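> sharing a sequence plus its predicted fold:
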Amino acid sequence: MLLPLLACLSSFQGHARALDSRLDRDFGAVMGSVVHQSIVLESDPGTQLEDNLLPAAGSPVNNWLEVRGSGWRLEQHDGQARFLIDIDYQVFKGVRQPESLTIPPIGLSLRKGSESLPFETPPLAFSLSPLIPEDTADETVTLRPLHPAPDLPASAHGARLLVWLAALASLALFAAWQLGLPPFFARGDSHAFLATAREIRRLRRAPAAPDTSRQAFLAFHRALNRYAGRTVLEAHLPSLMEERPELAELRGELEALFAQSHRLFFIPGTVDTADAFPLSRLEQICRRCQRLAGRRA
């Protein structure tokens, strides 16, 4: 694992001496798991990490892996500078049998004075396990809703905090109205549908690619999750209609959308094509969600 890194770092003589890159575990992950990568780099004092190259939270790595967050810290060890870099990924791939996946290399760089050393971490492999046993048919699986959090009595401090928060919110709304900041009353998360509709339109107008439909469906799911404030799966649609009644008129369309999404992401051998569910239909659903969310706001 370390040979490619050390070979690259050897050209940066005297500055970088050791590099280690590994996962917290390379087995036992399932769909939705967070995988942690830790990188340790030792170098001469005065060497700087170009941290603007670290992947940003929310950035997709590919169509099944997304960065949850990244950070770094500097420690002094035996007179040397030690960079400790942490990156968290979340896996969004469902499988029906164990599968080996690989986190691709990450491009990073060190700098000391005018010297710069770009390098890549090695690819890291891990195994992904199915949530459902291989010999269990999809139609026999029953998803159960999550248990709601218990109701806890609010303390006097909590009540005073709510009063202050309400006063501050009222003051902010009044100031926005006085300044004419439109739309000061709109829900920011409802705008995710508008941006996603534009992204879907760009995808369907671009030259056809093997994973165009998967990219478009993944973009819509992210927008819906942001609007709902949680991850929305197919089994969550009834509860979503109760929480967001403004989307009730789209229930049939959303059920058809989730059914196609299930085939695309979880049924092996499904061809990624827009024939079964045109991207123009997906874009229209997204725009209707935007209009209905705007009414609620």
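Thanks, I have it.
> A helix includes residue 26, no?
No - going by DSSP: H, G, I helix; E, B strand; the rest coil, the assignment for residue 26 is coil, not a helix.
> from residue 126, how far off is it?
Distance from residue 26 to residue 126, counting by CB to CB, to the nearest Å: 4 Å. C-beta coordinates here come from the backbone N, C-alpha and C atoms, glycine included.
> and these two? Which one has more around it.
residue 126 (21 against 13; other CB atoms under 10 Å).
> what sits against the more buried one?
By CB atoms under 8 Å, 6 or more residues apart in numbering, residue 126 lies in contact with 23, 25-27, 29, 35, 100-103.
> three-state assignment of it?
strand.
> farthest pair in the contacts of residue 126?
Based on CB to CB, the longest span within the contacts of residue 126 runs between 25 and 102 and measures 15.0 Å.
> so where's the protein shaky on pLDDT?
1-18, 152-157, 174-190, 296-297 (pLDDT under 70).
> mind running it again at 80?
Within the chain, the ranges that satisfy pLDDT under 80 run 1-19, 77-79, 134-160, 163, 172-192, 273-275, 294-297.
> the strands in it, which residues?
For the chain, the strands defined by DSSP state E occupy 16-23, 34-43, 48-49, 65-77, 80-91, 99-103, 107-112, 115-120, 124-128.
> tell me the one of the contacts of residue 126 nearest residue 45?
Nearest member of those to residue 45, counting by CB to CB, is residue 23, at 29.3 Å.
> is it true that that closest one touches residue 37?
Yes - if you go by CB atoms under 8 Å, residue 23 and residue 37 touch, sitting 5.6 Å apart.
> looking at these two, which one has more neighbours?
Per other CB under 10 Å, whichever of residue 23 and residue 37 has more neighbours is residue 37, with 19 against 16.
> so the more buried one versus residue 47, what's the distance?
Counting by CB to CB, the gap from residue 37 to residue 47 is 21 Å.
> distance of residue 197 from residue 295?
Note on residue 197: its distance to residue 295, by CB to CB, is 16 Å.
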